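[1] quick one, what's the 3D model for this:
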Amino acid sequence: MANRSPQHDQPLSDHEPRDLNVRGILIFFAGLGGMMTIALLVVTVTLMLGSTRGMNLKIPPSDLTNAPAPTLPAEPRLEAIPGLQLQELRAIENKRLNTYGWIDQKAGIVHIPIERAMDLLIQRGLPVRPDADSKFQDSGNQSPSDPSSGRIKEKYP
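    Numbering: from 1, shown residues only. Here you go, the predicted model:
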C-alpha cells in the first residue's frame, strides 16, 4: 500500500511574522507605562505641595454674629404642619354650609344650611324659563349639510 499524505510546499508556522510587528507593540506598551508613571509622579508632587500650602492659609473670622435676622420667604410658603390649612378651610366651609347667616344685610340676602336648601328645592321645584325664549329653540327638522361646514341647513324629508 502506498502512503498517501498531503504534501505541503510551505512549512507550518504559528503566525505570519511579516504581518505582526512584536517590537512595535512592545515599544508602545513601554511608552504607555512610562507616561503613566510620569503622570503619577506629577499628581503626587502636586498633591504634596498643595496639602502643605493649604495648612498655611488663614481663614478670616466669621461675621455671623452681626448677621441680620432671617426673613421669611415670599408667599406662597411651605406648610409647617401639612394639612392644617386644609382642616381650617374645611371647618370654615362646613360652618357656612350648616348655619344661617347674612350675605348682604342691606339687600336682604342670606345663606341657609344646605339640608334646608335641598328641602325647599323639593317643595318649590326649580324655576321655569318664560316662554319668550321659545322662538330661539331648535325645531329639530333641519340638519347642517356636509360640504358647508354647518352654515346651510337642509330640510329633513
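
[2] got the CA coordinates for stretch 36-43 in CSV?
    The C-alpha coordinates for stretch 36-43 follow below in CSV (Å, rounded to 0.1, in the frame of the first residue of the first chain):
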residue,chain,number,x,y,z
MET,A,36,1.5,56.7,33.3
THR,A,37,4.5,56.7,35.7
ILE,A,38,5.3,60.3,34.8
ALA,A,39,1.6,61.3,35.3
LEU,A,40,1.5,59.5,38.7
LEU,A,41,4.6,61.4,39.8
VAL,A,42,3.2,64.8,38.7
VAL,A,43,-0.1,64.2,40.5
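
[3] what average pLDDT does that stretch get?
    Model confidence over stretch 36-43, given as mean pLDDT, is 97.

[4] what does it contact?
    Under the criterion C-beta atoms under 8 Å, 6 or more residues apart in numbering, not a single residue lies in contact with stretch 36-43. Placement of C-beta: from N, CA and C, glycine included.

[5] buried sites along it?
    Buried residues in stretch 36-43, defined by neighbour count with 16 or more other C-beta atoms under 10 Å: none.

[6] separation between I38 and G24?
    With distances defined as C-beta to C-beta, to the nearest Å, the gap from I38 to G24 amounts to 21 Å.

[7] how many neighbours does G31 have?
    10 (other C-beta atoms under 10 Å).

[8] got the domain ranges for this protein?
    Following automatic domain parsing, one gets these domains for the chain: 23-54, 83-126.

[9] average model confidence for the last one?
    I take that to be domain 83-126. Domain 83-126 comes out with an average pLDDT of 92.

[10] now do the same end-to-end measure for it.
    Across its full length, domain 83-126 reaches 38 Å between end residues, using C-alpha to C-alpha, to the nearest Å.

[11] start at 134 instead
    Noted, 134 is the first residue going forward, which turns the last one into domain 216-259.

[12] mind listing the helices for the protein?
    Under the criterion DSSP state H, the chain carries helices at the ranges 155-188, 217-230, 247-257.

[13] any chance of those helices in CSV, plus distance to D237?
    Supplementary listing: the helices of the chain in CSV, determined by distance: least, C-beta to C-beta, whole Å:
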stretch, distance to D237
helix 155-188, 74
helix 217-230, 15
helix 247-257, 17
